[in-house]
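> A predicted structure for the sequence below; I have some questions about it.
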Amino acid sequence: MIPPIARRFVAGESVPEALEHARARNEDGVAVILNLLGEHYDDPADARADTDAYLALLADIADSGLDACVSVKPSQIGLDVSDALFEEHYREIVARAHELDAFVWCDMEDADTTDATLDAFESIAAEYPWSVGQCVQSNLKRTREDLDRLLDVPGKLRLVKGAYDEPASIAYKEKSRVDEAYREDLRLLFEGRDRGVAVGSHDPEMISLADRLAREHGTGYEVQLLMGVRDDAQRDLAAQGVDVAQYAPYGTKWLSYFYRRVRERRQNLTFALRAVVGQ
């Protein structure tokens with residue numbers, strides 16, 4: 001049983017619960033990105049099991065007619081085993097999505113995984129254009145160069161500020177500097193692309209900036225927010241005609257999910273508590 005404070009952020013333990021959650025959000029005009037909880041598998045069998053689960057979930061979504069897609073974590077589908085296994089599973093999932101006219105996002109994990117994740121994304125997007133999207137993190141100092149490389153890749157790009165506590169040698173540490181980098185990266189994406197921009201932020205300032213940039217450049221975009229965070233704002237944005245998608249984790253591994261997020265960065269706990277009390 002998921003306790004109430006966790007249920008705010010997790011769309012149930014089973015696929016039927018997750019699909020029902022997506023159905024309810026769709027009624028509010030909000031799309032849903034479903035993520036099966038699980039990560040950092042060093043056993044190939046575990047990576048295979050979650051890969052199979054995503055293949056089945058894509059079929060369930062297609063059969064349901066819901067406005068929903070999936071998002072995978074690299075270490076969940078094999079990256080902690082080998083780069084090759086990760087890319088094999090990633091490609092298999094996207095191939096199934098392409099066949100079903102569905103969509104797959106790939107999350108970004110800690111900085112050590114960036115090269116392997118982006119290499120796989122670039123290759124898979126070339127084979128299955130616009131069936132896949134990749135997350136990038138503005139707190140990493142390398143991200144500006146990564147975006148220059150990815151601008152013409154035929155896949156969506158989700159820009160987030162970054163939730164991992166990386167060393168100062170490779171990441172911006174001050175909030176003001178991360179915000180500055182995020183604004184710069186947003187401008188680059190809207191200026192350099194005509195579609196496929198996802199604004200992964202709960203920051204009203206960044207969402208407003210995205211709206212202004214979209215009007216200026218005519219770039220198609222969506223806003224992505226976490227389940228349980230600013231739910232009223234999600235509905236309000238959708239009512240205003242903004243494409244909104246909610247990232248909704250589900251599954252039985254919710255306790256380890258919360259524990260790992262707090263261990264990675266203490267600010268994640270503060271973020272969650274603020275969401276609960278509505279600040």
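Happy to help now that I have it. Residues are numbered from 1 along each chain as shown.
> Tell me the gap between the longest helix seen in the chain and the middle of its chain.
Secondary structure assigned by DSSP state H gives helix 44-64 as the longest helix of the chain. Computed by C-alpha atoms, centre = their mean, to the nearest Å, the chain-centroid distance of helix 44-64 equals 17 Å.
> which other residues reach whichever helix or strand comes after it?
Sequence-wise, the next helix or strand downstream of helix 44-64 (DSSP states H and E) is strand 68-72. With contacts defined as C-beta atoms under 8 Å, 6 or more residues apart in numbering, strand 68-72 is touched by 19, 22, 26, 31-36, 50, 54, 57-58, 61, 90, 93, 97, 102-107, 245, 247. From N, CA and C alone the C-beta is placed, and that goes for glycine too.
> could you give the mean pLDDT of strand 68-72?
The average pLDDT within strand 68-72 is 98.
> which helices and strands sit right next to the following helix or strand past that strand?
Later in the chain than strand 68-72, the nearest helix or strand by DSSP H and E is helix 83-100. Packed against helix 83-100 by the contact rule (3 or more C-beta pairs under 8 Å, 6 or more residues apart in numbering; DSSP states H and E) you find helix 44-64, strand 68-72, strand 104-106, helix 114-127.
> So for M227, which of the ones you listed sits nearest?
strand 68-72 (11.9 Å; C-beta to C-beta).
> Quick one: distance of the closest one to the chain centre.
Centroid displacement of strand 68-72 relative to its chain, using C-alpha atoms, centre = their mean, is 8 Å.
> do stretch 148-158 as well
15 Å.
> Export that stretch to PDB, keeping only CA atoms.
Coordinates of the C-alpha atoms in stretch 148-158 are reproduced here as PDB (Å, rounded to 0.1, in the frame of the first residue of the first chain):
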ATOM      1  CA  ASP A 148      24.300  22.600 -30.400                       C
ATOM      2  CA  ARG A 149      24.900  19.000 -31.400                       C
ATOM      3  CA  LEU A 150      21.300  17.900 -30.800                       C
ATOM      4  CA  LEU A 151      19.400  20.800 -32.400                       C
ATOM      5  CA  ASP A 152      19.000  19.100 -35.800                       C
ATOM      6  CA  VAL A 153      18.400  15.600 -34.400                       C
ATOM      7  CA  PRO A 154      14.800  14.400 -35.300                       C
ATOM      8  CA  GLY A 155      13.600  13.900 -31.800                       C
ATOM      9  CA  LYS A 156      12.200  16.000 -29.000                       C
ATOM     10  CA  LEU A 157      14.300  17.600 -26.300                       C
ATOM     11  CA  ARG A 158      13.200  18.000 -22.700                       C
END
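> Which residues belonging to it are considered buried?
L150, V153, G155, K156, L157, R158 (16 or more other C-beta atoms under 10 Å).
> Could you list the residues in contact with it?
Under C-beta under 8 Å, 6+ apart, the answer for stretch 148-158 is 105, 118, 121-122, 124-126, 129-136, 147, 188-189, 192-193, 196-198, 200, 224.
> again, but for stretch 225-237
Contacts for stretch 225-237 (C-beta under 8 Å, 6+ apart): 8-11, 21, 28-30, 200-202, 204, 207, 223, 244-249, 271-272, 275-276.
> please redo it, this time with the cut-off set to 6 Å
Stretch 225-237 is contacted from outside by R8, F9, D28, V30, H202, V223, V244, Q246, Y247, A248, A275, using C-beta atoms under 6 Å, 6 or more residues apart in numbering.
> now the first one: how far from P249?
It stands for R8. Distance from R8 to P249, counting by C-beta to C-beta, to the nearest Å: 11 Å.
> neighbour count winner among those two?
Per other C-beta atoms under 10 Å, whichever of R8 and P249 has more neighbours is P249, with 23 against 15.
> tell me what whichever strand or helix holds E17 is packed against?
Assigned by DSSP H and E, E17 belongs to helix 15-27. Packing partners of helix 15-27 (3 or more C-beta pairs under 6 Å, 6 or more residues apart in numbering; DSSP states H and E): strand 31-36, strand 244-250.
> ok, the last one: who's next to it in the sheet?
Strand 244-250 pairs in its sheet with strand 31-36 (parallel), strand 221-226 (parallel), by DSSP bridges.
> Need the mean per-residue confidence for it.
On average, strand 244-250 scores 97.
> Please, where are all the helices along the stretch 101-250 of the chain?
Ranges of helices in the stretch 101-250 of the chain, per DSSP state H, counting those that start in this stretch, are 114-127, 143-150, 175-192, 204-217, 231-239.
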